[in-house]
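K.L.:
Sequence plus predicted model, see below.
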There are 2 protein chains.
Amino acid sequence: MLVLSNDEVARLLSIEECMAALEPMYRDYAKGEALLSPRVDNIAPSSHPGGYYGFKHMGGTWPARRIQALRINSDTVTHPLVAGKPRRVKQPLAPGRDGKGRWVGLVLLFSTQTGALLAMFPDGVMQRMRVGAASGLALKYLAREDAATLALIGTGWQAGAQLMAARAVRRFKEVRVFSPRAESRAAFASQYENITLSDSVETCVKGADVILAATSSMVRVIDPQWLRPGMHIGCIKSQEIDGEVLERCDRVFVHNRQQAKQINNVMPGTPHAAAKAEEHGWWKEPGRSYPDLGELLTGKAPARRDDAEITCFANNVGTGLQFAAAGAAVLEKARELRIGTELPDDWFSEDVHP
Amino acid sequence: MLVLSNDEVARLLSIEECMAALEPMYRDYAKGEALLSPRVDNIAPSSHPGGYYGFKHMGGTWPARRIQALRINSDTVTHPLVAGKPRRVKQPLAPGRDGKGRWVGLVLLFSTQTGALLAMFPDGVMQRMRVGAASGLALKYLAREDAATLALIGTGWQAGAQLMAARAVRRFKEVRVFSPRAESRAAFASQYENITLSDSVETCVKGADVILAATSSMVRVIDPQWLRPGMHIGCIKSQEIDGEVLERCDRVFVHNRQQAKQINNVMPGTPHAAAKAEEHGWWKEPGRSYPDLGELLTGKAPARRDDAEITCFANNVGTGLQFAAAGAAVLEKARELRIGTELPDDWFSEDVHP
C-alpha cells in the first residue's frame, strides 16, 4: 500500500496529464462503462463556534483501469462573512507537527481485480487538478477557438488550476484576474506569469471571451449583464451563478448530472442556516436539466454551434470517478518512478471472511 | 493515526464490551442523536469467472463520542452452490505475505472535533462482534428469561459470535449446533465448550427456545413449521427467513430500518443473476415494516409481552454507527494499553484547503 503526499502527487500529475487521464473516463462513463456512487454528506452538530461537522464521501468504479476510488472529507465547516458576503470555509483543526492546524481530505484507491487497497493520499492537490481539468475539458470543447481574453474571478488555490487548464487548451493573449482583496491579487501574481491584475471586477470582465469563477462565494459572482455573444463562462460552485445567468446562455453543461443528486443526512440540532445552505441549488429547480461533460465529450449533446453562442460550464461538483481516473494515472507513474512510502499490504487486508 | 490488526482488535473487544459500547449508541440513534449514512454498493463486472466486483461503504456519526466511522469492503463476490444451495462468497484475492489470498475490509475512524483520521483497521473481527452484539442485545430484550435451549444453525466465523452473545445474556442449559458438513461441525466443536452437535437440522431445532441462524445461505434456512409459542428466532442475512416465517411471529424487529434502504449502483453488463440477488429482499415488500433495535432498546416499540409470543430479530445488516460505537471503545482502550502501530498524522492530513 503506497502512501503519497500532496507534494508527491503534484510532482506526478500536471494539468495536462490530469486532463488526459480524465477524458477517457468521461467517455466510458457516458457509455455506461464507469460507475459512480452518490456523494453522501453527513452533517452533524459540532462544538466549534458557528460551525458544524461535515463528513463527505464519494466513490467511483472504472473497470477499464481496474480501479476503484473513494474520496473522503472530514471537516468542521463555518460560513463566515468575507467582504460582506457569506463564504463556505473549512476550518483546519487536525493537529499538525508544527502546531498549525490541518485539513483532512483523503483519497483511497482499490484494485477492482484483487480488492486490495493500493494507495492512500491527501486529496488537496488532486482535487484542485481534477476541478481544473474538468473546466479545461469543457473549455476545450465549448469556448471559441480564437478566444483571446480570459477573465478570472478569484485568486485562491482553485483559481490557479483554472488558469493552468485554460492555458493548456487555448492561447490567451491576455489574462485578467480579480479578487476583492489587493493582497490576495498580489500573492496570485507572484505565482503566475503574464497576468494583469484588475482592481474592479468590471474592469476584469470587460471584453473578455472567457470568464471563469473560482471563488468560495455562496452568492452569485457572475453578473448576467456581462454576457456577450461568443462568450464562454465557467464556474466551480453552483452558487457562483443563478437562473438569470443560465437564461442568458445558449448552451449549458454541468459536470455530472447524476452527482448533483447529493444525499444530505442532516442531524437534527445542526445549526439551521448552515445545513440549509448546503442544500441550496438551482440545479434542483424543476426544468433546470442540462447535459453533462460526458455527454459533451462523446457528442451525445452538441457543443458550441457557432461563434455567437454563449456557452456555460457550471456546477463543477466532484465525482469519485475523477479520483479513480487521476488516481490510476498517478499510481502508475509513482510505481514507475518509485515515489512514495510503501506500507505492508497485510495491515490493510485480512485472513478472515468479513 | 493508529493502525490496529484484527488480532489487536480481538484483544481489545470482548462480546460483552461490544454490547456495552453499542447499547448507548442505539439509544442515541433512536433519539435522533446519532446519524448513519446509507450503505452504498457499487457493483461492476469483474474478470473473475462467475464473479463481480462489489465496493461497499457505510458511515456513522456519533457526536456524543465525537466519532465518525466509515466501513469499506472491496471484494470479488461469487454465488457458488454449496450442498445444492446458492451461497454468497467473497473471494480472497488480495495478495498476502504468505502467498495466500486475503480479503479487504477496512474501518476508518475520524474525530468529529478535529476531523483527523484517528485509526484504521481491518473490519473482520469487529464486524463479527458487532453482528453478535446486535443479536445479543435483541435476544436480551426479546427472548424468554428462562430460555434454556439454544439451536444454532451455522458453524462459520459469524456463528461463534452469535453463540458468545447469546450466552452473555441468557444461561442456556443446552446448546445444539448444526451445519450441513460434519467436518465444519467438528471444527466448531473444537473451538467452543459445552455444545452438542446435531447431524440433522430437525434434531438441532427440536424443542429449542431460541433458534439463531448464522449462515451464508441465499435461501430460507429457518422452517416456519419449527416455530412454537414462546420461541425467539434470530438471523443475520434477510434471506435466511421469508414471509412465511415472519407471519408466524408475533413480534418482529429488524436491525435498522433506515439502513435497509441500501443504494445499489449496478453497472450494466454485470452478471445478471448476481446483481439481482443483491437486490432481493422481503424487507422491501409493501407492508413489511418492522421496528428496529433502537426502538426496542428505548421502549418506543414494545418488547416481548408474555411467555407465549414468538419473537424474531431479522435482517441484521450492518450500519456504520456500529463501527463508530465499537471503534470508539476499541480506540480508547488501545490508547490506554498502548496497543497498535502509530503512523505520522501528517500523512493523513494536509496543509491546503481541499
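P.N.:
Everything's here; your move.

K.L.:
burial measure for A:G299, as a count.
P.N.:
11 (other C-beta atoms under 10 Å in any protein chain shown). Glycine gets a C-beta too; all of them are placed from N, C-alpha and C.

K.L.:
Equivalent analysis for A:G124, please.
P.N.:
The burial count for A:G124: 22, using other C-beta under 10 Å.

K.L.:
In terms of pLDDT, where does it sit?
P.N.:
Turning to A:G124, the model gives it a pLDDT of 96.

K.L.:
Please tell me how far it sits from A:K90.
P.N.:
A:G124 sits 11 Å away from A:K90 when distances are taken as C-beta to C-beta, to the nearest Å.

K.L.:
same thing with A:G51?
P.N.:
Look at A:G51 and A:K90: by C-beta to C-beta, they are 9 Å apart.

K.L.:
overlap in contacts of the two?
P.N.:
A:T76, A:V77 (C-beta atoms under 8 Å, 6 or more residues apart in numbering or on different chains).

K.L.:
what residues are shared contacts of A:G124 and A:K90?
P.N.:
Common neighbours of A:G124 and A:K90, using C-beta under 8 Å, 6+ apart, are A:W103, B:H353, B:P354.

K.L.:
who wins for most neighbours among these?
P.N.:
Neighbour tally across the shared contacts of A:G124 and A:K90 (other C-beta under 10 Å): the maximum, 25 neighbours, falls on A:W103.

K.L.:
Which residue is the nearest non-sequential neighbour of it?
P.N.:
Excluding its sequence neighbours, the residue lying closest to A:W103 (C-beta to C-beta, 6 or more residues apart in numbering or on different chains) is A:P92, at 4.9 Å.

K.L.:
same deal with A:A329?
P.N.:
Excluding the flanking residues, the one nearest A:A329 by C-beta to C-beta, 6+ apart is A:A21, at 3.8 Å.

K.L.:
In contact with the one you found, which residues?
P.N.:
A:L13, A:A133, A:A325, A:A326, A:A328, A:A329 are the contacts of A:A21 under C-beta under 8 Å, 6+ apart.

K.L.:
how about a cut-off of 7 Å?
P.N.:
Neighbouring residues of A:A21 by C-beta atoms under 7 Å, 6 or more residues apart in numbering or on different chains: A:A325, A:A326, A:A328, A:A329.

K.L.:
So which of those residues belong to strands?
P.N.:
Cross-referencing the contacts of A:A21 against strands under DSSP state E gives no overlap.

K.L.:
hang on, the earlier thing: quick one: the residue nearest to A:A329 from A:V9, how far?
P.N.:
A:A21 is 12 Å from A:V9, where distance means C-beta to C-beta.

K.L.:
now A:W283
P.N.:
30 Å.

K.L.:
Which of the two has more residues huddled nearby?
P.N.:
A:V9 (26 against 17).

K.L.:
quick one: that one is in a strand?
P.N.:
No. Counting by DSSP: H, G, I helix; E, B strand; the rest coil, A:V9 is not part of a strand but helix.

K.L.:
which residue packs closest to it, ignoring adjacent ones?
P.N.:
Spatial nearest neighbour of A:V9, chain neighbours left out: A:V125 (4.4 Å); criterion: C-beta to C-beta, 6+ apart.

K.L.:
For that neighbour, grab phi and psi.
P.N.:
When read as degrees, to the nearest 10, the backbone of A:V125 gives phi -70, psi -40.

K.L.:
residue boundaries of the helices in chain A?
P.N.:
Taking DSSP state H as the test, the helices found in chain A are A:6-12, A:15-30, A:124-142, A:157-169, A:182-189, A:201-205, A:243-247, A:272-279, A:293-297, A:320-337.

K.L.:
Highest mean neighbour count out of those helices?
P.N.:
Ranked by mean neighbour count, those are led by helix A:124-142 with a mean of 25 (mean count of other C-beta atoms under 10 Å in any protein chain shown).

K.L.:
Report all helices and strands that it contacts.
P.N.:
If contacts are counted by 3 or more C-beta pairs under 7 Å, 6 or more residues apart in numbering or on different chains; DSSP states H and E, helix A:124-142 sits against helix A:6-12, helix A:15-30, strand A:105-111, helix A:157-169, strand A:232-235, helix A:293-297, strand A:311-314, helix A:320-337.

K.L.:
Same list (the ones you listed) but as a markdown table, adding mean pLDDT.
P.N.:
Formatted as a markdown table, the helices and strands packed on helix A:124-142 follow (pLDDT from 0 to 100):
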| stretch | mean pLDDT |
| --- | --- |
| helix A:6-12 | 98 |
| helix A:15-30 | 97 |
| strand A:105-111 | 98 |
| helix A:157-169 | 96 |
| strand A:232-235 | 97 |
| helix A:293-297 | 96 |
| strand A:311-314 | 96 |
| helix A:320-337 | 98 |
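
K.L.:
Format the ones you listed as a markdown table; extra columns: distance to B:Q225.
P.N.:
A markdown table is the format used below for the helices and strands packed on helix A:124-142 (distance: least, C-beta to C-beta, whole Å):
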| stretch | distance to B:Q225 |
| --- | --- |
| helix A:6-12 | 61 |
| helix A:15-30 | 50 |
| strand A:105-111 | 44 |
| helix A:157-169 | 65 |
| strand A:232-235 | 65 |
| helix A:293-297 | 54 |
| strand A:311-314 | 61 |
| helix A:320-337 | 47 |
